[in-house]
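Trainee: take a look and give me a structure for this.
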Amino acid sequence: MLDLSRVVFTNHALVQFKKRHNRLNLNNQLKRAGLKKVELTTRKLLYLAEEDIGIDPIGRVRRLIDNHCKPALYYIHDGWRFVLIEEGDKQVVVTIERDRNL
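Mentor: Okay, the predicted model is just below:
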């Protein structure tokens with residue numbers, strides 16, 4: 001299970017989540033929300049997420065290259081994929097994307 005006390009979000013991840021969320025017209029309140037509320041929302045989703053083992057091996061290699069050869073962990077919940085990398089004692093959410101299969 002993911003230890004949320006070690007998780008931090010990059011501004012990039014929060015901004016991308018907010019843009020993608022707004023594009024789906026899921027919640028008008030989040031459109032006007034500041035990044036603190038967005039982080040709270042994403043933290044709740046991440047808490048419910050499970051490790052995503054459905055990424056094919058070729059996709060994992062492409063992602064490894066995109067992440068500058070830093071191995072990443074992938075968690076998914078309700079169509080949202082969280083991409084985390086280890087940095088010291090922290091797990092950093094570098095982006096939050098929408099699963100294209102949904």
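
Trainee: just say helix, strand or coil for residue 17.
Mentor: Following DSSP: H, G, I helix; E, B strand; the rest coil, residue 17 is assigned to helix.

Trainee: once you drop chain neighbours, what's closest to it?
Mentor: In space, residue 17 comes closest to residue 96 once its chain neighbours are excluded; the distance is 4.1 Å by CB to CB, 6 or more residues apart in numbering. All C-beta atoms are positioned from the backbone trio N, CA, C, and that covers glycine.

Trainee: tell me where the model's unsure across this protein.
Mentor: Where the chain drops to pLDDT under 70, the residues are 25-33, 64-65, 67-69, 101-102.

Trainee: geometrically speaking, which residue is the centre of this structure?
Mentor: Centroid-nearest residue in the chain, with CA atoms, centre = their mean: residue 82, separated by 2.3 Å.

Trainee: what's the spacing between the one helix or strand it maps to and its chain's center?
Mentor: In the assignment (DSSP states H and E), residue 82 maps to strand 80-87. The chain centroid and the centroid of strand 80-87 are separated by 6 Å under CA atoms, centre = their mean, to the nearest Å.

Trainee: residue 2 - how many residues pack around it?
Mentor: Counted with other CB atoms under 10 Å, residues neighbouring residue 2 total 16.

Trainee: that one belongs to a strand?
Mentor: No: if the criterion is three-state DSSP, then residue 2 is coil and not within a strand.

Trainee: which residues touch residue 10?
Mentor: By CB atoms under 8 Å, 6 or more residues apart in numbering, residue 10 lies in contact with 92-95.

Trainee: name the member of these with the most neighbours.
Mentor: When neighbours are taken as other CB under 10 Å, the top entry among those is residue 93 (24 neighbours).
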